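Participant: Here is a sequence together with a model predicted from it:
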Amino acid sequence: MQELTQAQIFDAFDAIDRPELSEPDLYAVPWSDLDFFSWAHPTEKKQFLVVPLKDRVVGLVCRVATAPHTGFCDFCFAVDRVFGTATVMVDSWERPRSSLGLNVCSNFDCSDSVRGFKWVYRMGETIPAGRRIERLQENVSRFARRVTGL
């Protein structure tokens, strides 16, 4: 992922979502090993997600709907038995008052999972890391496009 500044990150979010944002810590972010950037709100059950699309960067506010549980991540297709997955809800930009949900690694560290930087259960999957990275990027982009209508 291309390195982003604080201003670029805040500009990626819809204007209505900007008041909810907390400042991310950009110190020592491993940009070259990320497929998307995320950080947690310090006090609320929210996670912020910045996704690079082909034509622009978009920011999504994810409300964490459940406590971490054992489950399958919809982004990286893995099961993290240590930290688990969480169900998150994201408000649609295109259709007011509707939300989209998914199960995702509770730490949003799918980039580490597909690169083999953390141990996850892959349920016998044997595809190479390069294809897992492509699939993660496709899944994250598809979800961001569904939310934003782009």
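Facilitator: That came in fine, so what should we check first? Everything numeric here is computed off the predicted structure, so don't read it as measured data.

Participant: Is Trp39 within a helix or a strand, and which one?
Facilitator: Counting by DSSP states H and E, the secondary-structure element that holds Trp39 is strand 37-40.

Participant: Could you look up the SS state of the residue nearest the centre of the chain?
Facilitator: Among the residues of the chain, Leu49 comes closest to the average C-alpha position under CA atoms, centre = their mean, at 4.9 Å. Classification of Leu49 using DSSP: H, G, I helix; E, B strand; the rest coil returns strand.

Participant: need the contact list for it.
Facilitator: Residues near Leu49 by CB atoms under 8 Å, 6 or more residues apart in numbering: Phe36, Phe37, Ser38, Gly59, Leu60, Val61, Cys62, Phe108, Ala144. For the C-beta atoms, the positions are set from N, CA and C on the backbone; glycine is no exception.

Participant: Specify which member of those residues is nearest to Glu94.
Facilitator: Ala144 (11.9 Å; CB to CB).

Participant: follow-up on the earlier one: show me what the residue nearest to the centre of the chain bridges to in the sheet.
Facilitator: Ser38, Leu60 (DSSP bridges).

Participant: pLDDT score assigned to the residue lying farthest from the centre of the chain?
Facilitator: The centre of the chain is farthest from one residue, Gly124, which by CA atoms, centre = their mean lies 23.9 Å away. Gly124 is assigned a predicted lDDT (pLDDT) of 74.
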